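1. the sequence and its predicted three-dimensional model are supplied below.
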Amino acid sequence: MADLNDTLVKSSVTIDDGCDWTAWLLWDAKKNYRRSMGIHQPAPARPQVAPVKIAPKKKPRRRGHRVVQKAIGAV
């Protein structure tokens, strides 16, 4: 089994944890306000809403040399 925190693995696959991060992102956006007002509020839960997905990253289509040369008017 591969280590999911390995840099080679992270560069070749997309890992979706399946959690709903909406409430946490809204909470995180107000962190400076809470800090300046002296309010301590624990982070909201990030409930699991979908199964974990690991999908390969899509690689960009590589164009041939002739197509690029035509585009710049060299051929």
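-> Sure, I can see it.
2. for burial, what's the neighbour tally of Pro51?
-> 8 (other C-beta atoms under 10 Å). From N, CA and C alone the C-beta is placed, and that goes for glycine too.
3. that one touches Gly18, doesn't it?
-> Yes: contact criterion C-beta atoms under 8 Å: Pro51 and Gly18 qualify, at 5.6 Å.
4. let me see the contact set for Asp16.
-> Applying C-beta atoms under 8 Å, 6 or more residues apart in numbering to Asp16 gives the contacts 50, 52-55.
5. between those residues, which is closest to Gln41?
-> Using C-beta to C-beta, Ala50 comes nearest to Gln41 of the contacts of Asp16, at 26.6 Å.
6. so what's the closest one up against?
-> 16, 18.
7. against Lys70, how distant is it?
-> Distance, Ala50 to Lys70, using C-beta to C-beta, to the nearest Å: 44 Å.
8. now Trp21
-> Relative to Lys70, and taking C-beta to C-beta, Trp21 is found at 45 Å.
9. of these two, give the one with the bigger neighbour count.
-> Trp21 (14 against 11).
10. and the more buried one, what's its pLDDT?
-> pLDDT for Trp21: 95.
11. again with Leu4
-> pLDDT, read off for Leu4, is 69.
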